[in-house]
Structure formats: structure tokens, C-alpha cells
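Student: Build me a structure from this.
(4 chains)
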2 protein chains.
Amino acid sequence: MPESSSAAERTRRAILEAGIEVLASNPGAPLAEVAEKAGVSRSTLHRYFSDRSALRAAATELAGQAWRDVANRARLEEGTGFEAYRRLCTELLDSLSILIWWWASTADAAQLNPEEPDETEERIGAMIDRGHRDGTIDPQLSVEWLASSVWAMLYMVHHLPAESGGKINGFEARQQAIRTLLKAAAADPTAL
Amino acid sequence: MPESSSAAERTRRAILEAGIEVLASNPGAPLAEVAEKAGVSRSTLHRYFSDRSALRAAATELAGQAWRDVANRARLEEGTGFEAYRRLCTELLDSLSILIWWWASTADAAQLNPEEPDETEERIGAMIDRGHRDGTIDPQLSVEWLASSVWAMLYMVHHLPAESGGKINGFEARQQAIRTLLKAAAADPTAL
DNA sequence: CTCTAGTGAGACATAAGTGTCTCATTATTG
DNA sequence: CAATAATGAGACACTTATGTCTCACTAGAG
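Tutor: Below you'll find the model as predicted:
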């Protein structure tokens, strides 16, 4: 039984990352597929995560940490609302797949939970609100919409390079997503 | 065995629409769930669609028709590129769920197919290109990106009202999505 | 080298969904 | 009202994924 040696830790991470990658695009995928992607036998997978829900829980915990880290790096409380918004967008686009997972897991949770508030989400709401008041963010676009539409762009940047058949690569998608998000959110889009 | 009476036709449509709604949000959902949503027994479902793939194929065919209809109503070849783009966005947002299905099905198809070209998609590409040349659409945003980002907004408008826990309703989401899309695509966003 | 943590292979019982079939019942329509 | 179209209920064999377990092996730390 693995405890916390270096090898065990490495294996655990490999399974976790494979799980995020596989289950994000196909939540019902067989665990055997996750194990294969992680380069590990099905037995070993079950040794680390007793069942499907345990794997998902661990993945969500990891993703939640990444989510908070991103928000911290964006320094949401500094500068104008729009400047913080720009920093947030660029940071988000640098941790694509794990944040996609986070988004999906919170969407699932919101279906049944007593709406326990996400502190990070509230910080982002406050940041956008500040942008509304300081006149740097378009007042016609609501806090909720702006906070959500970022996720839509994340999703596209993540999936487009594969689906478009090479017509658009990851770098281009990232650039255009940022431009799209900033133009849309800006109170004065000509200043870009 | 149902052939083509009014009752049979009605049942078929009910199953098809239930299938689109259920399988769009959860592709691996049991067919029993589709049957229940359609208000029909599992036996009846199998009478109309022998297996899962038959149901999906029929749904995709229906969605493809809706897709072409939307493009026609948008009159892609009329006016400036941006005017046509605006018409397309508003039309797309009026047939949400079935178009979400279409998007997902084409994404699946693109994974393995010999890239058979979608005529409607090409018309849209030409429309955006026209917008680039006549100076009404932002030249820094590529045809591929603009064509794709519309889908991201569709997805959000479709899911947000349910996920946000009533914080944002369908009407608001639609309005803000249109504003977001138009501001982003416009060569001159101040003219909105 | 030796011992042990870590792993893979595979058997196993179980659960859930699938697709087919039969038979009885309900709607429709002519 | 009769004849037929359409459905529902349920049994059935089959498939696939799951989670548990045992046993043999391998690699790395002491």
C-alpha cells in the first residue's frame, strides 16, 4: 500500500492528471482508460482512488487549488477593474485543462448544493464591480455575465486546436480569445 | 409498427426532442431517461430508433436542417459583413438547444471523418471574410475564431440560466451574449 | 545483497444498460 | 362498432464497467 514516498506521490499525480484530462472531455469514460493514459494498471488506480467518486473528489480539490492560485496571481485588488480583469484573463488561459475541470465540477455542484459561496468567485465579482464604478468596464455587461463568459472562451481555446483540424493553433486561439474578452469587457474598446 | 400517421409522427418528434435535450447535456445517459423525458416507454423508443446510434443520427439530421435554416434566415450574402454577422448571431440564439446538439455532433464527426466540408460553414466563412474586406469586422480576429466563438456564447446562454441559480435569466443572457459578440467582432465597437 | 514498498496480471461477483421479444391493453380511424 | 395502429409492461440473454482480491514480480532504499 503506497503511503507518501516519492514514487507513490509521482504515481498519484500521474493518475490524477490523466483523470482530469480524460474525464473532462468524457465524464463517463471507463476508469481503464484513465489508467492507460496514466501508464498504470487498473489495479494501481484503485489502490490510490478506491472508486470513481474518490478520483473525482481528489481532482476537484487539486483544481480548486489551481483556481485560487490563479486568482491570487492576478492580483484582483490592484489597479483599475479592467486592468485586474485583463490580468485574470491571461492567467486563466495559462492553466487551461485543470480549470476546465474546475468549471465543470462547480457546475455539477451548483445543481444540488446549498449554494455554498466560492470566495474566489466573490473576489472576482468585486473586481468587476470595481471596474463598473471606476468606468473601465462596460456597465451594460453584468458581473455574472462577464464572470461566466470568460469560461466560454477558456473552453474554446482548449478545444479549438483539436477540433479545427489544425486550422488554428493554441497560440493563435489564446491571442484571439484575449482580444475578444478585452474588447467585449472594456468600457472604451478603442483604447486597446 | 408505426409508419407515418399523425400519432406516430408526433411520438417520433417527442422522442427526438427528448433525445436532443437529454443526450446533449449527458451523451452517455441511459436511453430509459430519454424515454421517460419523452413520456414514452423504453419499448416504444426502440420501436422508432433501433439503437442509440440511430437516435443520434436522426437527431443530427434534424439539427443539420435547423442549422441550414438559421443560416438562410440570416441572409448571409446581404449587406455588409458585420450586418450579416449580427443577423446570424440573433438567429442562432433563437434555436439554442438543437444547435448545441449540432455543434457537438460536428465536433465528434471532425475527429475521424475525411473532413467533408459543411457548405453552410463555408458561407459563414465567406461572410466574415467579406466583413474583413469591407472594413466592418475586426481584421485581427480570424474567420475561424469568430465562427467558433459564437458557439461558445451559445453554450453559455443555454447553460447559464440553470447553473447560475436564477441570478441571470434567459433573456438577459441572450442580450448580453449579443452585445459581447458584436463588440468583439466589430471593427468599430463605438458604433454600437 | 536483502527486504519491502509498489506494481501488474488476472480471476471474480456484481451492477447497470442494451436490444429483442411476446403479450395484453389502449387509441384511432374507417 | 369493428379492425387495426400504437403503446406499455415485463422477461430475457448479452455486454460492459466496476470494485475487490490474490499472487507473483520488480525496483529501489538501507
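Student: Chain A - how does it break down into domains?
Tutor: The record, using automatic domain parsing to delimit domains, assigns chain A the ranges A:1-50, A:60-191.
Student: Quick check: mean pLDDT of the longest one?
Tutor: Across domain A:60-191, pLDDT averages out at 94.
Student: Is there any residue in it that contacts chain B?
Tutor: Yes: counting by CB under 8 Å from any CB of the partner chain, chain B has neighbours in domain A:60-191: A:107, A:110-111, A:115, A:138, A:140-142, A:144-145, A:148-149, A:151-153, A:155-156, A:159-160, A:163-165, A:167-168, A:172-173, A:176-177, A:179-180, A:183-184, A:189-190. The C-beta positions use only the backbone N, C-alpha and C, and glycine is treated the same way.
Student: quick one: which helix or strand includes the residue most central in space within chain A?
Tutor: Residue closest to the average C-alpha location in chain A (CA atoms, centre = their mean): residue A:99, at 1.5 Å. Using DSSP states H and E, residue A:99 sits in helix A:96-112.
Student: Buried residues in that helix, which are they?
Tutor: For helix A:96-112, a neighbour-count test (16 or more other CB atoms under 10 Å in any protein chain shown) marks A:96, A:97, A:98, A:99, A:100, A:101, A:102, A:103, A:104, A:105, A:106 as buried.
Student: what's next to it, contact-wise?
Tutor: A:20-21, A:23-24, A:27, A:56, A:59-60, A:62-64, A:66-67, A:70, A:92, A:118, A:151, A:154-155, A:157-158, B:159, B:163-165 (CB atoms under 8 Å, 6 or more residues apart in numbering or on different chains).
Student: Please check the residues you listed and keep the buried ones.
Tutor: The neighbour-count test (16+ other CB under 10 Å) marks A:20-21, A:23-24, A:56, A:59-60, A:62-64, A:67, A:70, A:92, A:118, A:151, A:154-155, A:157-158, B:159, B:163-164 as buried among the contacts of helix A:96-112.
Student: Would you mind measuring from residue A:59 to residue A:40?
Tutor: Here residue A:59 is placed at a distance of 15 Å from residue A:40 (CB to CB, to the nearest Å).
Student: Can you show me the helices along chain A?
Tutor: All helices of chain A, identified by DSSP state H, fall at A:6-25, A:31-38, A:42-48, A:52-73, A:81-92, A:96-112, A:119-133, A:143-163, A:170-185.
Student: Dump the ones you listed to TSV, plus distance to residue B:125.
Tutor: Listed next are the helices of chain A as TSV, based on distance: least, CB to CB, whole Å:
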stretch	distance to residue B:125
helix A:6-25	26
helix A:31-38	35
helix A:42-48	44
helix A:52-73	34
helix A:81-92	27
helix A:96-112	26
helix A:119-133	34
helix A:143-163	15
helix A:170-185	15
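Student: got these as TSV, with distance to DNA strand C columns?
Tutor: Output for these, formatted as TSV (distance: least, CB to the nearest atom of the strand, whole Å):
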stretch	distance to DNA strand C
helix A:6-25	3
helix A:31-38	8
helix A:42-48	3
helix A:52-73	12
helix A:81-92	32
helix A:96-112	17
helix A:119-133	32
helix A:143-163	25
helix A:170-185	30
